[in-house]
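S.K.: Sequence first, predicted coordinates after that:
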Amino acid sequence: MRIAFYAPLKPPDHPRPSGDRAMARQMIAALRAAGHEVFLASRLRSREAAGDAAAQGRIVSQARQEAAMLAARLLEDPPDLWFTYHVYYKAPDLIGPMICERLSIPYVVAEASHSARRLIGPHAHFARAALDAIARADGVLCLTARDRAGLARIVAPEKLFDLTPFAPLRAGPRREAGRLPRRLLAVGMMRPGDKLHSYRLLARSLAGVRHLPWRLTVVGDGVAARHVRQAFAPYRGRVDFVGALPAGRLARVYRQHDLLVWPAVNEAYGMALIEASARGLPVVAGNEGGVSEVVRHGVNGLLVPPRDPVAFGRVLARVMTQRALYSRLRQRGWGHAGARHGFAAAAARLNSILGRICAS
């Protein structure tokens, strides 16, 4: 099939790395691996985080112009399907539904979420637009059980499909018998809100392992970078900030470290957690959002009660001092990642889902 791809939150060729951009790229790669021709339909970003009515109005106006232009351009050679990645109240799809209506093609959404409480207040207009797009979809791909539960109230059961988050599986973990983890890694954008909260919790958690030999590498950048650095000031000399990294360099960084650590405040599932597991890197993470669907406790990592830095520090100390536990997590984790989050299986599953949607 010829598939028009759109990501209203952030286009897949955006210069700033993020988990959302990484998953969008994986979706495109999986569709192409399944034999489909995929093209980026639009780069229009609909994200409006502040609930600013005037800003939302400008985005709606831009989206209408974009949709009219696209419909005219695609009318002579329409795609077989429109695929939108990530729709929610801050970044609704304001283009896809109009195009699909005009061209009479199937409309598919992957990773959508719905919260009824957002239909009241400053985000109400965009929340309603996201709801309308999701309800209009011929198929909705759910990446977490939490999203599926929310969508089950507004989408017919036969239109909901499960697709586990995925990443390319790399070579298995190096066998280094008896070695304890000393090279810690944290990967996350540095922006206000949940990401900054996660960084601050991690900094507080490190007090629980201050007596152990370790070094932390922090990958990420953003407007809250200064605040993140301030949070880790007590550990000056033990924390390396390397900024945001392209995918190739980040892959090497994963291989150079022993343990991914992330409190995961309000995390949907955490692309970095999947990427780490796919490289045999154990994870210590906060048990929040959809994290438990990526990190299986005792298999590819350990889960910690949400937003509890004392508990996080205790669990971290346990992994860092128990050789058998760390070795077990490394060996089991890579196999778990391959079975549950492997790219090839996801591509086949995605192809099967699209076939069922188009046949219905």
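M.R.: Structure received.

S.K.: Would you mark the buried spots in the lengthiest helix in the chain?
M.R.: For the chain, the helix that runs over the most residues, judged by DSSP state H, is helix 53-74. For helix 53-74, burial by neighbour count (16 or more other CB atoms under 10 Å) applies to Gln56, Ile59, Val60, Ala63, Glu66, Ala67, Leu70, Ala71, Leu74. C-beta: built from backbone N, CA, C; applies to glycine.

S.K.: ok, now which ones touch Ala124?
M.R.: Ala124 sits next to Arg118 when contact means CB atoms under 8 Å, 6 or more residues apart in numbering.

S.K.: rerun that using 10 Å as the cut-off
M.R.: Gly51, Ala53, Gln56, Tyr89, Arg118 (CB atoms under 10 Å, 6 or more residues apart in numbering).

S.K.: Return the closest of the residues you listed with respect to Ala110.
M.R.: Tyr89 (16.7 Å; CB to CB).

S.K.: Show me what the very next helix or strand once past the longest helix of the chain is packed against.
M.R.: Sequence order places strand 81-87 as the next helix or strand after helix 53-74, per DSSP states H and E. In terms of contacts (3 or more CB pairs under 10 Å, 6 or more residues apart in numbering; DSSP states H and E), strand 81-87 is packed against strand 2-6, helix 19-33, strand 37-42, helix 96-103, strand 107-112, helix 124-136, strand 139-142, helix 343-359.

S.K.: Packed most tightly, which of those would that be?
M.R.: Burial of those is given as mean neighbour count (mean count of other CB atoms under 10 Å); strand 107-112 ranks first at a mean of 26.

S.K.: got the CA coordinates for that one in CSV?
M.R.: Below are the C-alpha coordinates for strand 107-112, written out as CSV (Å, rounded to 0.1, in the frame of the first residue of the first chain):
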residue,chain,number,x,y,z
TYR,A,107,-7.9,6.7,8.6
VAL,A,108,-5.7,4.9,11.1
VAL,A,109,-4.3,6.3,14.4
ALA,A,110,-1.5,4.8,16.4
GLU,A,111,-0.8,5.8,20.1
ALA,A,112,-3.9,7.9,20.9
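
S.K.: what angle separates that strand from strand 2-6?
M.R.: 40 degrees (axes from the mean of the first three to the mean of the last three CA atoms, to 10 degrees).

S.K.: quick one: average pLDDT of strand 107-112?
M.R.: In this model, strand 107-112 carries a mean pLDDT of 98.

S.K.: Adjacent strands (with direction) for it?
M.R.: strand 81-87 (parallel), strand 139-142 (parallel) (DSSP bridges).

S.K.: what bits of the protein have low per-residue confidence?
M.R.: Across the chain, the ranges flagged by pLDDT under 70 are 170-178.

S.K.: what's the domain layout of it?
M.R.: Domains of the chain are assigned by automatic domain parsing as 2-166+342-359, 183-341.

S.K.: Show the residue spans covered by the helices in the stretch 151-300 of the chain.
M.R.: Per DSSP state H, counting those that start in this stretch, the stretch 151-300 of the chain carries helices over the ranges 194-205, 225-231, 247-255, 271-278.

S.K.: helix, strand or coil for the nearest residue to Ser205 once chain neighbours are set aside?
M.R.: Spatial nearest neighbour of Ser205, chain neighbours left out: Phe312 (3.8 Å); criterion: CB to CB, 6 or more residues apart in numbering. Here Phe312 is helix, with the state taken from DSSP: H, G, I helix; E, B strand; the rest coil.

S.K.: Please apply the same query to the one 3 residues further on.
M.R.: When states are read from three-state DSSP, the local structure at Val315 comes out as helix.

S.K.: Let me see the contact set for it.
M.R.: Ser205, Gly208, Val209, Val261, Val284, Ala285, Gly301, Leu302, Leu303, Val304, Pro305, Asp308.

S.K.: isn't Glu288 right next to Val294, touching?
M.R.: No. Look at Glu288 against Val294 with CB atoms under 10 Å: they stay out of range, at 11.6 Å.

S.K.: Need the overlap of contacts for the two.
M.R.: Joint contacts of Glu288 and Val294 (CB under 10 Å, 6+ apart) are Ala264, Glu267, Ala268, Gly270.

S.K.: residues near the third one, how many?
M.R.: Around Ala268 there are 24 other residues, counting by other CB atoms under 10 Å.
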